[in-house]
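Engineer: sequence and predicted model, in that order:
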Amino acid sequence: MITISERVQVPHAPDLVWSVLSDPSRVVGCIEGSELGEEHEDGSFDARLVVKFAAIKVAFRARVSLDLDEEQRIGRLEAEGSDARGSTRVAGHATFGVHPEGEGSIVDVDGVVKISGPLASLVTTGAAVVVTRMTRAFGTQLTATCDALAGLPELPAPAAVPVPVRADEPIPVPAGAVPARPAPVATSAPHATAVPRRATTGGKPGLLRWLATTTGTAWARVRRVVRGRARTDAGSN
């Protein structure tokens with residue numbers, strides 16, 4: 001026997017969530033591997049469910065009846081059927097309800113499934129993992145269905161960023177994107193060596209020429225003065 005006790009949180013109002021759960025044609029799209037079949041005069045309907053247990057997929061066909069309490073937003077489901085070969089029998093029932101929780105809703109599911117036949121051991125052993133996986137998938141799809149009914153846009157999947165295998169391997173640019181120009185590499189300019197320029201006049205060094213001329217004139221005056229004194233002293237003697 002498999003016992004089910006699961007809780008699913010949905011970020012939508014209880015009335016919207018209930019509108020999905022109370023409609024077999026909508027809720028079947030929220031259950032992984034399920035298909036809706038023919039509806040009978042008593043209100044029951046045929047359903048098919050494919051469940052994966054490790055590497056094995058098992059297909060079950062069952063007749064399902066649904067009893068709904070619209071005011072309380074509570075439902076009861078009963079199902080009975082077998083696998084594709086008819087050798088493994090399955091029967092179960094479950095209750096589900098929608099309750100307000102903050103700005104969203106909580107869906108509680110409680111049930112029991114009995115299995116007998118060759119596949120009973122396989123199904124029972126992997127039931128806990130399968131129920132957890134299917135509950136998560138159910139919650140995700142139920143939220144997406146409510147989003148669509150509320151007119152909310154579907155969020156796009158994040159784009160994968162390619163990573164180069166080697167450090168020197170360029171990253172491919174997606175179609176339509178403009179590759180960014182590489183940033184300029186700062187380079188240090190060579191230090192300029194200042195070369196002193198000499199002031200020139202007529203092609204000759206002006207400063208040196210002025211010093212030479214001035215010095216020569218001064219020495220010429222000194223020599224004349226000395227010679228004049230020498231002549232004066234000689235005449236006196």
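Structural biologist: That came in fine, so what should we check first? Computed from a predicted model, the values in this text were never measured in an experiment.

Engineer: which stretches in this protein count as helices?
Structural biologist: 14-21, 24-27, 120-125, 127-150, 206-236 (DSSP state H).

Engineer: who does the third one touch, helix- and strand-wise?
Structural biologist: Counting contacts by 3 or more C-beta pairs under 8 Å, 6 or more residues apart in numbering; DSSP states H and E, the secondary-structure elements packed against helix 120-125 are strand 45-53, strand 56-69. In short, each C-beta sits where N, CA and C put it, glycine included.

Engineer: then the shortest one?
Structural biologist: When contacts are defined as 3+ C-beta pairs under 8 Å, 6+ apart, helix 24-27 sits against helix 14-21.

Engineer: what's the angle from the helix it packs on to helix 127-150?
Structural biologist: For helix 14-21 against helix 127-150, the angle by axes from the mean of the first three to the mean of the last three C-alpha atoms, to 10 degrees is 120 degrees.

Engineer: now the weakest link among the helices of the chain, please, by mean pLDDT.
Structural biologist: Ranked on mean pLDDT, the bottom entry among these is helix 206-236, at a mean of 56.

Engineer: can you report phi and psi for residue 102?
Structural biologist: For residue 102, the backbone dihedrals (degrees, to the nearest 10) come out as phi 60, psi -130.

Engineer: how close does it sit to residue 16?
Structural biologist: 15 Å (C-beta to C-beta, to the nearest Å).

Engineer: what do you get for residue 101?
Structural biologist: For residue 101 relative to residue 16 (C-beta to C-beta), the value is 13 Å.

Engineer: these two: which is more packed in?
Structural biologist: residue 16 (17 against 14; other C-beta atoms under 10 Å).

Engineer: contacting residues around residue 15?
Structural biologist: Taking C-beta atoms under 8 Å, 6 or more residues apart in numbering, we find residue 15 in contact with residue 73.

Engineer: which parts of stretch 24-38 are buried?
Structural biologist: 26-28, 30-32, 34, 36 (16 or more other C-beta atoms under 10 Å).
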